[in-house]
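Chemist: I need the structure of the sequence given here:
(chains A and B)
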Amino acid sequence: MSALDAGNEQVIATYNFAYLDEQTKRMIRRALLKGIAVPGYQVPFASREMPMPYGWGTGGVQVTAAIIGPDDRLKVIDQGADDTTNAISIRKFFERTTGVETTTATAEASIIQTRHRIPETPLTAGQILVFQVPIPEPLRFLEPRETETRTMHALEEYGVMHVKLYEDIARHGHIATTYAYPVKVEGRYVTDPSPTPKFDNPKMHRNPALQLFGAGREMRIYAIPPWTEVVSLDFEDHPFEVQAFDRPCALCGAEDVFLDEVITDDRGGRMFVCSDTDHCNRRQAEGHAGEQAA
Amino acid sequence: MAETDFLSGGLADPVIAGQSAFRAIMQAMAEPGTIQAITDCPTPPKGLRRTMASIATTLCDADTPIWLDPELAGNPLVVKWLAFHTGAPVTADSAAAMFAFVSDPSSMPALDRFAKGTDAYPDRSTTLVLAVDGFDRGTPLSLTGPGIEHLRRFTFAPMPEAFIDQWSGNRALFPRGVDLILAGPEAVACLPRSTRIGKGED
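Modeler: This is a model prediction of the structure:
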């Protein structure tokens, strides 16, 4: 084999930094700038096939790939956890294609890619939170036609969403929507916060970090700049409320955090633990203990 | 000047330089009125500012028609350099451009001559890249809106004519409107359409 052939093999075996080609990155970067300039508006983008199935966070992965650089430190969470399949596979993907440092500590990360949670540790200015979004259109289950929802956004016609919340109240006595709870961004666009529990909605309001949203299959990117007004929709007599838990985390004793129910045996045994593993581990290391702490 | 001078002046490492330039631009867009340095710029021919060249190579390609102000459009070396290093087609119609490059903001066309997007697709608008001399002089502005915690003081010079009035017209179109990237000698700042601008004394 000649030196030239060996060289070619090397090139073929190597991906561009962060996997995506540069033209794709430019296309995503342009969409991100528009999204930031019009907070909450869903910018169409030419989403690419990624080496993982739709539904595994291809939108978030493409956004992260378009912004990440060698100086970044990446954290990836799935339902708050750093150690679940989706989080590990995406973290390894970026370790292999960028060589950037990764971390599980929220405070040490410059980019946090998340599926369905906002970390308990408050984010700081300069951090970027990248959401994986399955259905970016908050009106989609009320109006399936894209042509119609686009017109509804253009006309700021969001009555149908209030009707939906009202029907919740009529049927259940309270607003029964618990995740993907619609928000209004900067008084203009009704936006889907991705299926985060509504517990996390207040964290989006005037957050000092930049929040970017990528929906791969649906080909949409949107953004919430730092310090932007994000208001959960509600009624005067039925104000927005977050979930409350009647017990603290079984491992670290934390209150005022979002808890996951974990089944522990086949006789109805269960425990409630922090969904944010980094937060829980850090508290346990600091000496906090819940009732089932090891 | 040699005929092939437009071939040189590219980036040694376009992938990493493009990424860091984009992060500076994105940070500037996310926090309007903050000044973000671009450290690794291309070396364009005289007449095109280095930070503008960096913005062009970072964001423009064959998919993005660009508009050039008469000074840039009249400089064949600059036109050739942009064509070779970005591949972006040049359009004479300012309202058809995705990006517009302006070397002298004080004599530029009115903001409403550029694409403002539609109510259904406000993203189909022109991003204007203006060369400015710096961010340390000019009419004091006070910025409010997304990306700004309370109020941010900001200046740049030179300014487009009757800029504060023009901008309030642009802001009134929201979510339609143009976004500005201000390219200083070493750094950029942005004014997205979401930003409200008052006079500094307000």
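
Chemist: and the nearest residue to B:T126 once chain neighbours are set aside, how many residues sit next to it?
Modeler: Counting by Cβ to Cβ, 6 or more residues apart in numbering or on different chains, B:T126 lies nearest to B:F114, which is 3.8 Å off, once chain neighbours are set aside. The C-beta positions use only the backbone N, C-alpha and C, and glycine is treated the same way. For B:F114, the neighbour count with other Cβ atoms under 10 Å in any protein chain shown is 24.

Chemist: do the same with A:G59
Modeler: 30.

Chemist: So it, which state does it fall into?
Modeler: Assigned with DSSP: H, G, I helix; E, B strand; the rest coil, A:G59 falls in the helix class.

Chemist: Need phi/psi at the closest residue to it other than its chain neighbours.
Modeler: Nearest residue to A:G59 in three dimensions, chain neighbours excluded: A:G214, at 3.2 Å (Cβ to Cβ, 6+ apart). Dihedral pair for A:G214: phi -130, psi 130, per degrees, to the nearest 10.

Chemist: Can you name the residues bridging to A:G214?
Modeler: Beta-bridge pairing for A:G214 (DSSP bridges): A:Q132, A:I221.

Chemist: quick one: the residue nearest to B:T126 and chain A, what's the gap?
Modeler: 14 Å (Cβ to the nearest Cβ, to the nearest Å).

Chemist: Could you do B:P105 as well?
Modeler: 19 Å.

Chemist: just checking, A:F131 touches A:S194?
Modeler: Yes - under the criterion of Cβ atoms under 8 Å, A:F131 makes contact with A:S194 at 4.5 Å.

Chemist: ok, those two, which is more surrounded?
Modeler: The neighbour count for A:F131 versus A:S194, taken as other Cβ under 10 Å, is higher for A:F131 (30 against 26).

Chemist: Just the local confidence number for the more buried one, please.
Modeler: Here the pLDDT value assigned to A:F131 is 98.

Chemist: Which neighbouring elements make contact with the lowest-mean-pLDDT helix or strand in chain B?
Modeler: Within chain B, confidence by mean pLDDT, DSSP states H and E is lowest for strand B:196-199 among all helices and strands, at a mean of 92. Identification of packing neighbours for strand B:196-199 by 3 or more Cβ pairs under 8 Å, 6 or more residues apart in numbering or on different chains; DSSP states H and E yields strand B:141-144, helix B:163-172.

Chemist: Quick check: neighbours of the first one in the sheet, parallel or antiparallel?
Modeler: Listed by DSSP bridges, the sheet partners of strand B:141-144 and their directions read strand B:152-154 (antiparallel), strand B:196-199 (antiparallel).

Chemist: Which parts of the stretch 1-150 of chain A are strands?
Modeler: Secondary structure of the stretch 1-150 of chain A, counting by DSSP state E, counting those that start in this stretch: strands at A:43-44, A:73-78, A:101-102, A:111-115, A:128-132.

Chemist: Dihedrals phi and psi, the spatially most central residue of chain B?
Modeler: Nearest to the mean C-alpha position of chain B, by Cα atoms, centre = their mean, lies B:V129 at 1.6 Å. As for B:V129, its main-chain torsions (degrees, to the nearest 10) stand at phi -110, psi 110.

Chemist: ok, now which ones touch it?
Modeler: B:52, B:55-56, B:99-102, B:180-181, B:183 (Cβ atoms under 8 Å, 6 or more residues apart in numbering or on different chains).

Chemist: mind listing the helices in chain B by residue range?
Modeler: Remark: helices assigned in chain B by DSSP state H are B:14-30, B:50-59, B:70-73, B:76-86, B:163-172.

Chemist: Chain A contacts on chain B?
Modeler: For chain B, the residues in contact with chain A (Cβ under 8 Å from any Cβ of the partner chain) are B:14-16, B:18-20, B:22-23, B:25-27, B:29-31, B:58-61, B:63-64, B:98, B:118-123, B:125, B:127, B:145-149, B:174-175, B:179, B:192-194.

Chemist: picking up where we left off before, pick the most buried one from the helices and strands packed on strand B:196-199.
Modeler: strand B:141-144 (a mean of 19; mean count of other Cβ atoms under 10 Å in any protein chain shown).

Chemist: Where does the prediction get shaky in chain B?
Modeler: Chain B contains residues with pLDDT under 70 at B:1-3, B:200-202.

Chemist: Tell me how many other residues crowd B:L191.
Modeler: Look at B:L191: counted by other Cβ under 10 Å, it has 28 neighbours.

Chemist: Next one: the closest residue in space to it that isn't next to it in sequence relative to B:F154, how far apart?
Modeler: Nearest residue to B:L191, sequence neighbours excluded (Cβ to Cβ, 6+ apart): B:L180, at 4.3 Å. As judged by Cβ to Cβ, to the nearest Å, B:L180 and B:F154 stand 12 Å apart.

Chemist: Same check on A:G35?
Modeler: Noted for A:G35: a distance of 22 Å to B:F154, by Cβ to Cβ.

Chemist: same deal with B:C190?
Modeler: In this view, B:C190 and B:F154 are 10 Å apart by Cβ to Cβ.

Chemist: More neighbours: those two, which one.
Modeler: B:C190 (27 against 23).

Chemist: show me where pLDDT drops low in chain A?
Modeler: A:1-13, A:294.

Chemist: the helices in it, which residues?
Modeler: Ranges of helices within chain A are A:3-12, A:22-37, A:58-67, A:85-98, A:146-154, A:159-172, A:201-204, A:277-285, based on DSSP H.

Chemist: so what's the residue of the stretch 1-150 of chain A found nearest chain B closest to, chain neighbours aside?
Modeler: In the stretch 1-150 of chain A, no residue comes nearer to chain B than A:A37, which is 3.6 Å away by Cβ to the nearest Cβ. Excluding its sequence neighbours, the residue lying closest to A:A37 (Cβ to Cβ, 6+ apart) is B:P192, at 3.6 Å.

Chemist: wait, isn't the one you found in contact with A:L32?
Modeler: No - B:P192 is beyond contact range of A:L32, at 11.9 Å (criterion: Cβ under 8 Å).

Chemist: can you redo the helices and strands packed on strand B:196-199 as JSON lines with distance to A:R270?
Modeler: What follows is the helices and strands packed on strand B:196-199, written out as JSON lines (distance: least, Cβ to Cβ, whole Å):
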{"stretch": "strand B:141-144", "distance to A:R270": "49"}
{"stretch": "helix B:163-172", "distance to A:R270": "53"}
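
Chemist: Nearest to A:Y166 among these would be which one?
Modeler: A:Y166 sits nearest to helix B:163-172 of all the helices and strands packed on strand B:196-199, at 32.3 Å, using Cβ to Cβ.

Chemist: hmm, back to that, out of the strands of the stretch 1-150 of chain A, indicate the one that is most buried.
Modeler: Highest mean neighbour count among those (mean count of other Cβ under 10 Å): strand A:128-132, a mean of 27.

Chemist: The closest residue in space to A:A154 that isn't next to it in sequence: neighbouring residues, count only.
Modeler: Once flanking residues are discounted, A:A154 sits nearest to B:D119: 3.8 Å by Cβ to Cβ, 6+ apart. By the measure other Cβ under 10 Å, the count of residues near B:D119 is 14.
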